[in-house]
Every structure is written in structure tokens, then in C-alpha cells.
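1. Predicted model follows, preceded by the sequence.
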Amino acid sequence: MSVRLRVNPITCEGHGLCAELLPELIRLDDWGYPLIDQPDVPPELLAIARRAADACPTLALLLEEARDMAAEPTTWRGSRAARARRERR
Ligand code: SF4
């Protein structure tokens, strides 16, 4: 099973929080929007990547899991607790 990192460019507002939390995989362009050079998340960074996805204020940072190439990816849109936190704002 591989996990890939992706940003939804429509909902991303360029807060840059993701690059602060996961600098190993995300850097910012000149306008503060995230760039992901290597979307495959190594197992040792998976917990931090999930925390970064949870912290994204617009749920634009996505983790997709695919068990094999034929399977549809499952998208991580943050934990239930993170979504509830955002909805209270
Ligand atoms: S934290 Fe979310 S909204 Fe902010 S730059 Fe990263 S992906 Fe975009």
C-alpha cells in the first residue's frame, strides 16, 4: 500500500502551514502556495503527514491511499476531530 500527498489547488488558500509541518515533502512557491516534488509519503513521515492534513484550515491537503494500482484511491481529508474543530470556527 502506498500513500500519496496531494493539494487541491481550488481550496488551498496558501496559508503555508503544511510546509511548516512537513518541510521534508512540501515547500512553498513565491506566492506561498505548496509545491510537492515527491508525492509518495515514506512510512516514517506518515504520522506527520496526517497531522499536516488535519491542520490544513481548508482541508486542501490530501493523503490518498491505494492498495494497488487497480484500486481506487482513498482520500484522507483529516480526522473527524479535525473536521469538527474546523466546523466550530
Ligand atoms: S495548509 Fe492547506 S491551505 Fe495552507 S498552503 Fe497548505 S494545503 Fe494550502
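-> Right, received. Where do you want to start?
2. Contact residues of the protein facing the ligand?
-> Within reach of the ligand by C-beta under 6 Å from any ligand atom, the chain has these residues: 7, 12-18, 34, 56-58, 60-61. Bear in mind the C-beta positions are built from the backbone N, C-alpha and C, glycine included.
3. hmm, try it at 8 Å
-> Residues of the chain that fall close to the ligand, judged by C-beta under 8 Å from any ligand atom: 7-8, 11-19, 26, 28, 32-34, 52, 55-61.
4. Quick one: buried ones out of those residues?
-> Listed as buried from the residues of the chain next to the ligand are 7, 12, 15, 18-19, 26, 28, 33-34, 52, 55-57, 59-61; burial here means 16 or more other C-beta atoms under 10 Å.
5. List the residues that contact residue 36.
-> 5-7, 25-26 (C-beta atoms under 8 Å, 6 or more residues apart in numbering).
6. Which of the residues you listed sits closest to the ligand?
-> Checking the contacts of residue 36 against the ligand by C-beta to the nearest ligand atom gives residue 7 as the nearest, at 4.9 Å.
7. Helices along this structure, start to end?
-> Using DSSP state H, the helices of the chain run over 17-21, 46-55, 80-88.
8. So what's the residue count around residue 50?
-> By other C-beta atoms under 10 Å, the residues close to residue 50 number 19.
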